[in-house]
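Student: take a look and give me a structure for this.
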Amino acid sequence: MDYATDEERVEELKKWWKENGTSVLVGVALGLSILFGWRWWTNYQETQSISASALYSQLESAVKAKKPDQIKAFSSELFGQYESQIYASYAAITLAKSSMDANKPLQAVVHLRWALAHANTDELKGLATARLARALFAAGKSDEALKLASVATSKPYQAMLQEIRGDILLGMGKRKEALDAYKNTQSSLSAGVQASPTLQLKIDDLVSVE
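Tutor: This is a model prediction of the structure:
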């Protein structure tokens with residue numbers, strides 16, 4: 001549109017602002033609130049992650065030093081205030097390993113169930129699943145352990161689960177099925193990934209008595 005004078009331009013702008021000014025201001029305010037809200041959330045998440053990481057390091061030290069009071073305090077804070085952080089799941093897995101080392105598989109099962117329920121990455125879910133299957137087997141819950149070891153998981157842990165499945169089947173006296181599981185372990189290995197040092201020994205032992 002051509003304007004004859006500057007006054008006409010001004011009047012047209014006034015008219016446009018009167019019709020659209022409110023929606024423009026609302027849009028700007030909304031955009032700013034989203035921007036600052038996102039920045040706040042990002043900063044909050046970073047702070048939470050840093051705090052959870054520090055607590056996890058303290059928990060690891062307490063576990064190595066076998067200081068039960070500190071272990072309880074650090075784990076309670078991690079599970080209570082940072083349960084959505086990956087370090088909380090790592091803490092549960094660390095506590096489970098400590099329980100297994102102390103020959104307390106049922107205690108390990110509790111920790112690993114928590115880790116699996118709160119795991120937020122495929123890798124963490126795979127690790128928690130494999131560790132839980134072993135803990136269940138050690139606790140005498142062979143059927144439940146076998147069912148868990150048969151689920152599909154992320155590729156890096158699929159071979160690990162297959163080997164655990166073989167161990168469970170062997171423990172149940174199912175040697176043929178165990179041998180099949182061990183062989184499946186070999187075929188499930190990702191390129192460049194080495195099998196556990198004992199896998200071939202397990203296979204050789206079962207083949208030799210067939």
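
Student: quick one: the closest residue in space to Ile93 that isn't next to it in sequence and Ser196, what's the gap?
Tutor: Nearest residue to Ile93, sequence neighbours excluded (C-beta to C-beta, 6 or more residues apart in numbering): Ala115, at 5.1 Å. Just so you know, the C-beta spots here come from the backbone N, C-alpha and C atoms, and that holds for glycine as well. For Ala115, the distance to Ser196 equals 22 Å [C-beta to C-beta, to the nearest Å].

Student: please apply the same query to Tyr157.
Tutor: For Tyr157 relative to Ser196 (C-beta to C-beta), the value is 13 Å.

Student: same thing with Lys174?
Tutor: Counting by C-beta to C-beta, the gap from Lys174 to Ser196 is 20 Å.

Student: check Gly140 too.
Tutor: Using C-beta to C-beta, we find Gly140 at a distance of 23 Å from Ser196.

Student: ok, back up a step: Ala115 and Ser196: which has the busier surroundings?
Tutor: Ala115 (25 against 13; other C-beta atoms under 10 Å).

Student: does the more buried one sit in a helix, a strand or a coil?
Tutor: helix (DSSP: H, G, I helix; E, B strand; the rest coil).

Student: where do the helices of the protein begin and end?
Tutor: Remark: helices assigned in the chain by DSSP state H are 6-65, 68-81, 86-101, 105-118, 122-138, 142-149, 155-171, 175-188, 199-207.

Student: how about those in TSV, adding mean pLDDT?
Tutor: Shown next, in TSV, are the helices of the chain (pLDDT from 0 to 100):
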stretch	mean pLDDT
helix 6-65	71
helix 68-81	90
helix 86-101	93
helix 105-118	95
helix 122-138	93
helix 142-149	94
helix 155-171	88
helix 175-188	87
helix 199-207	86
